[in-house]
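K.L.:
Predicted coordinates and the sequence they were generated for:
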Amino acid sequence: MKNKSRLLSGPYLFWAISFIIIPFCMIFCYGLTDKSGNLTLANILSIATSEHSKALSLSIELSLIATAICLLLGYPLAAILAHMKNSSGVIIFVFILPMWMNFLLRTLAWQTLLEKTGVINTVLSALHLPTINIINTSGAIVLGMVYNFLPFMVLPLYNSLTKIDENVLNAAADLGANAFQTFYKITLPLSVPGIISGITMVFVPALTTFVISKLLGGSKILLIGNVIEEQFTQAGNWHLGSGLSIVLMIFIIINMLLSAVFDKDGEGSVL
Amino acid sequence: MSKRLIELNNISKSFGNNIVLDELNLYIRENEFLTLLGPSGCGKTTTLRIIGGFETPDTGTVTFDGTDITALPPNKRQLNTVFQKYALFTHMNIADNIAFGLKIKGKTDKYIRDKIDYALRLVNLEGYGKRMPDSLSGGQQQRIAIARAIVNEPKVLLLDEPLGALDLKLRQDMQYELIRLKEELGITFIYVTHDQEEALTMSDTIVVMNQGYIQQIGTPEDIYNEPENAFVADFIGDSNIIDGIMLQDELVMFLGTKFACVDTGFGTNKPVDVVIRPEDVILSPPERGSLNGVVTHLIFKGVHYEMEVQAGGYEWLVHSTTMYPVGAEVGLSVDPFNIQIMNKPASEDEEAVAIEE
């Protein structure tokens, strides 16, 4: 029995080793060596150069803003959905429907909408309203992040909110709490696992994205994802690209460790 | 008799097409231990939730101490609820759970500390303040839920099947605990259960409900000894319910045999339901009873033997401390005052009689 189940895990083991462990080791090998194969920390330390550190801090800033907006938009939405119970299935279906479309396509659609001569500005000028100039700004990147990653915030929040027993909320009201007190003292603390999980699910992909910044930020705004991508596709410096990836990984691990600290129950934690 | 504290007047409530309560009238006296008893779906929990403020009745009013509270939200009502499955706040320790209502009311720290100590002592869980709810057993969690409710000094404590999730032994212990608490606190308890034994053990007054109607209101003794209809007789304890004909006052015929009884006023030759409790059936050697029968089943129940006796075309349930083996021929008799006569319901609707007290 035990041998059989071990045998069954073979394909997964093979998968994990060839597509997770080995690539992971290769990143470290490239990141910690130079072109002639000598061990060096130069690739990692190059994050300190003004170009790279600017890209990293901008990435962190925009990801944090996008995550905060997702949380502010997503929490009420998740709360409303959780409250609807039976009929919420349809709404959630409609809500995640865009996720069936290709990520690239969705972002390209926003590019077409936001362009200087794009759909939105054409309509605005036809109505003799002032046009907006948002494409190729940080704002457009944040918009793209929020649009693409909002469902990843809503779903864990929805899950944690539906888990709260209605009688627990009734008990709070029974003990004299008004709607605001019940939310602040009961609902919010009990949904912390969902909040943590949602933040991680939005912050990590937002931090590493290069497609959104490329399509909606133009070539002027470089995020750390774009810098790394450039090293692999254009500069051909895999060593520097890997080194910067390791730096990014450290930030993601810090984020996850923080999640683990706040989410003691381990419900929503990714670690 | 003490004064009426809560009155429900013509309360109706439906969920969709499902009528849960139909023109229910009920009052609860001060310091009474009143139990709403009935099978699931009888409307007992909905009644409690209307009193607690968690449901609004479609029609009718709820008054508390003379004031109409029908539209008052739960957080403004002077009563507290102990919920089914406890509903403790799992992210707070026991002390914070108990302090919740007091903090909302803005009591001083010292007052709150004293109250927590008092409540934990009252439910025999001193020193548990720092523990988290998850680390407590079901029975302990239930006591914390009670403590959390009573520190607010409610005039009425509502309990919604609070012992349902506990095992038998613990349930029995908690019944005595609740009676003790009720006496120590001197407040009104409204208790919801489907367990007739719980209801009989603890209540001053039992309200038997079925399908949204009150079937009978009375003391445990009344309900057990003088059930008003076949539903109550069947629901409270085991019963032999037999079709009979009331020949005249104090004489009833069932299973082809005439029995003396003590009931009067049913008229002559009227079809009735005859209820006889299993412990009221007297077994004797054959030919000495009113009916002859044969024992078909025998189970030893500890306090007594439970037997099934085929007699007069009916399978009698009999509890007796004297054992007759399976296959034995026995005589059955019943003392006249142990024969309970009830009118047959004329229709489905009348089966659920509205009770006027």
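P.N.:
Looks like it arrived, so ask away. Numbering: from 1, shown residues only, chains lettered A, B, ... in the order given.

K.L.:
pLDDT weak spots in the stretch 151-271 of chain A?
P.N.:
Residues of the stretch 151-271 of chain A that meet the criterion pLDDT under 70 lie in A:263-271.

K.L.:
Please enumerate the helices of it.
P.N.:
A:166-174, A:179-182, A:188-190, A:192-208, A:211-217, A:224-233, A:238-262 (DSSP state H, counting those that start in this stretch).

K.L.:
Check which helices and strands the second one sits against.
P.N.:
Counting by 3 or more Cβ pairs under 8 Å, 6 or more residues apart in numbering or on different chains; DSSP states H and E, the packing neighbours recorded for helix A:179-182 are helix A:166-174. Where C-beta positions appear, they are placed from N, C-alpha and C, glycine not excepted.

K.L.:
Put together a markdown table for the helices of the stretch 151-271 of chain A, with mean neighbour count and distance to residue B:291 on each row.
P.N.:
Listed next are the helices of the stretch 151-271 of chain A as a markdown table, based on neighbours: other Cβ atoms under 10 Å in any protein chain shown; distance: least, Cβ to Cβ, whole Å:
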| stretch | mean neighbour count | distance to residue B:291 |
| --- | --- | --- |
| helix A:166-174 | 21 | 52 |
| helix A:179-182 | 15 | 63 |
| helix A:188-190 | 15 | 63 |
| helix A:192-208 | 23 | 67 |
| helix A:211-217 | 23 | 89 |
| helix A:224-233 | 20 | 92 |
| helix A:238-262 | 17 | 75 |
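
K.L.:
I'd assumed residue B:208 was in contact with residue B:39.
P.N.:
No - with contact defined as Cβ atoms under 8 Å, residue B:39 does not reach residue B:208; the gap is 10.0 Å.

K.L.:
Now do the shared contacts for these two.
P.N.:
Both residue B:39 and residue B:208 are in contact with residue B:235, where contact means Cβ atoms under 8 Å, 6 or more residues apart in numbering or on different chains.

K.L.:
Look at those two and report which has more neighbours.
P.N.:
Neighbour count, other Cβ atoms under 10 Å in any protein chain shown: between residue B:39 and residue B:208, residue B:208 has more, with 28 against 13.

K.L.:
got the contact list for the more buried one?
P.N.:
When contacts are counted by Cβ under 8 Å, 6+ apart, residue B:208 touches B:37, B:38, B:214, B:215, B:216, B:217, B:223, B:231, B:232, B:235, B:236.

K.L.:
one more time with 10 Å
P.N.:
B:35-39, B:42, B:44, B:196, B:199, B:214-218, B:223, B:227-229, B:231-232, B:235-236, B:355 (Cβ atoms under 10 Å, 6 or more residues apart in numbering or on different chains).

K.L.:
Strands - which of the residues you listed land there?
P.N.:
Among the contacts of residue B:208, the members falling in strands (DSSP state E) are B:35, B:36, B:37, B:214, B:215, B:216, B:217, B:218.

K.L.:
Surely the last one and residue B:199 touch.
P.N.:
No - under the criterion of Cβ atoms under 10 Å, residue B:218 is not in contact with residue B:199, lying 11.3 Å apart.

K.L.:
Tell me which residues of stretch B:170-187 come out buried.
P.N.:
B:170, B:171, B:174, B:175, B:177, B:178, B:181, B:182, B:187 (16 or more other Cβ atoms under 10 Å in any protein chain shown).

K.L.:
Check stretch B:289-305 too.
P.N.:
Per 16+ other Cβ under 10 Å, stretch B:289-305 contains these buried residues: B:289, B:290, B:291, B:293, B:295, B:298, B:304, B:305.

K.L.:
Please report how far the most centrally placed residue in chain A lies from chain B.
P.N.:
Nearest residue to the geometric centre of chain A (Cα atoms, centre = their mean): residue A:202, 2.6 Å. Plainly put, residue A:202 is 23 Å away from chain B if you go by Cβ to the nearest Cβ, to the nearest Å.

K.L.:
Redo the buried residues of stretch B:170-187 as CSV? Include secondary structure and distance to chain A.
P.N.:
Formatted as CSV, those follow (DSSP: H, G, I helix; E, B strand; the rest coil; distance: Cβ to the nearest Cβ, whole Å):
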residue, secondary structure, distance to chain A
B:170, helix, 21
B:171, helix, 20
B:174, helix, 19
B:175, helix, 22
B:177, helix, 20
B:178, helix, 18
B:181, helix, 18
B:182, helix, 19
B:187, coil, 15
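
K.L.:
Export the residues you listed as CSV, with columns for pLDDT.
P.N.:
Converted to CSV, these look like this (pLDDT from 0 to 100):
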residue, pLDDT
B:170, 83
B:171, 85
B:174, 86
B:175, 90
B:177, 87
B:178, 90
B:181, 89
B:182, 91
B:187, 92
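
K.L.:
Name the residue in residue B:218 and residue B:199 with the higher neighbour count.
P.N.:
residue B:199 (27 against 20).

K.L.:
Next, count neighbours for the residue of the stretch 1-150 of chain B found nearest chain A.
P.N.:
Across the stretch 1-150 of chain B, no residue is closer to chain A than residue B:101, which sits at 3.5 Å (Cβ to the nearest Cβ). By other Cβ under 10 Å, the residues close to residue B:101 number 26.

K.L.:
pLDDT averaged over the top helix by length along chain A - what is it?
P.N.:
In chain A, taking DSSP state H as the definition, the longest helix is helix A:50-84. Summarised as a single mean, pLDDT over helix A:50-84 is 93.

K.L.:
What strand or helix carries residue B:27?
P.N.:
Applying DSSP states H and E as the criterion places residue B:27 in strand B:18-29.

K.L.:
what pairs with that strand, and is each one parallel or antiparallel?
P.N.:
Looking at strand B:18-29 with DSSP bridges, its partner strands are strand B:4-15 (antiparallel).

K.L.:
Look at the closest residue to chain B within the stretch 151-271 of chain A and say how many residues are nearby.
P.N.:
Of all residues in the stretch 151-271 of chain A, the one sitting closest to chain B is residue A:175 (3.5 Å; Cβ to the nearest Cβ). Applying other Cβ under 10 Å, we find 28 other residues in the vicinity of residue A:175.

K.L.:
Let me see the contact set for residue 258.
P.N.:
In the absence of a named chain, chain A is used. Applying Cβ under 10 Å, 6+ apart to residue A:258 gives the contacts A:196, A:199, A:200.

K.L.:
actually it's chain B I care about, not the one you picked
P.N.:
Going by Cβ under 10 Å, 6+ apart, residue B:258 touches B:245, B:247, B:251, B:252, B:290.

K.L.:
list the contacts for the closest residue to residue A:212 other than its chain neighbours?
P.N.:
Nearest non-adjacent residue to residue A:212, counting by Cβ to Cβ, 6 or more residues apart in numbering or on different chains: residue A:144, 4.0 Å away. Going by Cβ under 10 Å, 6+ apart, residue A:144 touches A:62, A:66, A:106-107, A:110-111, A:114, A:206, A:209, A:211-213, A:215-217.

K.L.:
Would you map the strands across the stretch 201-350 of chain B?
P.N.:
For the stretch 201-350 of chain B, the strands defined by DSSP state E, counting those that start in this stretch cover B:205-210, B:213-218, B:240-248, B:251-254, B:257-260, B:270-276, B:281-284, B:291-300, B:305-311, B:314-320, B:329-334, B:340-343.

K.L.:
Quick one: name the residues of the stretch 1-150 of chain A near chain B.
P.N.:
Remark: no part of the stretch 1-150 of chain A is in contact with chain B, using Cβ under 10 Å from any Cβ of the partner chain.

K.L.:
In the stretch 1-150 of chain A, where is pLDDT below threshold?
P.N.:
Using pLDDT under 70, the flagged stretches of the stretch 1-150 of chain A are A:1-2.

K.L.:
Go again with 80.
P.N.:
Counting by pLDDT under 80, the stretch 1-150 of chain A contains low-confidence residues at A:1-6, A:85-89, A:91-92, A:94-99.
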